[in-house]
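Trainee: Sequence below, structure please.
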Amino acid sequence: MIDNPILVLAATGGQGRAVTDALLDRGAGVRALVQNPDDEAARRLADRGVEVVAGSLSDQASLAAAMQGVAGVFAYTTPFVDGGVEAEVAQGQTILAAAGEQRVPHLVFSSLANADQGTGVPIFESKARIEAQLVSGDVPYTILGPTSFLDMVNLGSAQRILSGALDMPLHSDKPLKQLARTDHGAFAAGVLLNPTRYVGQRINLASDENTPTQMAATLSATLGTEVRHEYIPLTQVENSDVRSIWAFLDGPGYTVDVPALHAAHPEIAWTSFADWTRSAFSAAD
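Mentor: Okay, the predicted model is just below:
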């Protein structure tokens, strides 16, 4: 077991929570960087033995202070902030500068699947710019490329699914590779706790692959009521960044070899879409 703590950036967010949970499950020491240590989510982390520190992904001084003496760092950035993709790239540059300053022994960056393939999608390209700086720098790294998260399956809401509609700007026969946050957290924790096996690698991640028709059938079986796939034209997606993502997914899509990934990493439970639907909608039973 690694003696020094692992730093998880933005630890109360969806990705950060999953990685923190997986590290704690493995008995690892965790340091969590959060914007407000006094909010409820941060207090819950502290109650579980996590060392909670205040900081911002845009503040190199607070990042460097949080990185002092750590065994590794889990980092990710988001374009859904003021300033969009340029602000996200600036976040990445600040994180990498702090990691270089503290000579962090291993940084795991959560990017996106296919972000390094020149997709032209702005949200992918901003990740690619951060990746390029990471690869050309001196900080030992591993890059993880999650596909679409399962809990983002519906363009509408969970209530829309419960009312019988799976809203997606994806044609009914187009396979979509998806990832459970728990699988992402477990994989990242494994990388952070066994860095030698993974340093210098870029690994795309997916838990399952289904078409909207298959997803609707699975949801129907889980809920005991018919759920239909409702195709939403891209012209109805107001956010241009989100629209560009769905255009990519309904076009070339992610290129993860899911069977090969799972065979190479049997230590991960790999949540199926059916497993996820049973968990996510169990309260509807």
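Trainee: What segments of the stretch 51-200 of the chain are helices?
Mentor: 60-67, 84-101, 122-136, 158-162, 181-193, 195-198 (DSSP state H, counting those that start in this stretch).
Trainee: Out of those, which is closest to residue 261?
Mentor: Shortest separation from residue 261 across the helices of the stretch 51-200 of the chain is recorded for helix 181-193, at 9.6 Å, computed as C-beta to C-beta. For every residue, glycine as well, the C-beta is placed using N, CA and C.
Trainee: Could you list the buried residues of the least confident helix or strand in the chain by mean pLDDT?
Mentor: Sorting the helices and strands of the chain by mean pLDDT, DSSP states H and E puts helix 158-162 at the bottom, at a mean of 90. Neighbour-count burial for helix 158-162 flags residue 161 (criterion: 16 or more other C-beta atoms under 10 Å).
Trainee: same for that helix, what does it pack against?
Mentor: The contact analysis (3 or more C-beta pairs under 8 Å, 6 or more residues apart in numbering; DSSP states H and E) places helix 158-162 against helix 212-223.
Trainee: Tell me which residues are up against the least confident helix or strand of the chain.
Mentor: The contact list for helix 158-162 (C-beta atoms under 8 Å, 6 or more residues apart in numbering) reads 154, 166-167, 219, 223, 227, 280-281, 284.
Trainee: So what's the gap between that helix and the chain middle?
Mentor: Distance, stretch centre to chain centre, for helix 158-162: 23 Å (C-alpha atoms, centre = their mean, to the nearest Å).
Trainee: I'd like the helices of the stretch 51-200 of the chain as JSON lines, with distance to residue 210 appended.
Mentor: Listed next are the helices of the stretch 51-200 of the chain as JSON lines, based on distance: least, C-beta to C-beta, whole Å:
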{"stretch": "helix 60-67", "distance to residue 210": "38"}
{"stretch": "helix 84-101", "distance to residue 210": "29"}
{"stretch": "helix 122-136", "distance to residue 210": "22"}
{"stretch": "helix 158-162", "distance to residue 210": "14"}
{"stretch": "helix 181-193", "distance to residue 210": "15"}
{"stretch": "helix 195-198", "distance to residue 210": "28"}
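Trainee: and those, which one is worst for confidence?
Mentor: Note on the helices of the stretch 51-200 of the chain: helix 158-162 shows the lowest mean pLDDT, a mean of 90.
Trainee: CA-only coordinates of that helix, as PDB, when you get a sec.
Mentor: Taking Å, rounded to 0.1, in the frame of the first residue of the first chain, the C-alpha atoms of helix 158-162 are listed here in PDB:
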ATOM      1  CA  ALA A 158     -35.100  10.400 -15.300                       C
ATOM      2  CA  GLN A 159     -38.700  11.400 -15.100                       C
ATOM      3  CA  ARG A 160     -38.900  11.300 -18.900                       C
ATOM      4  CA  ILE A 161     -37.600   7.700 -18.800                       C
ATOM      5  CA  LEU A 162     -40.100   6.800 -16.100                       C
END
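Trainee: Output the below-cut-off pLDDT ranges for this structure.
Mentor: 1, 81-82, 156, 283-285 (pLDDT under 70).
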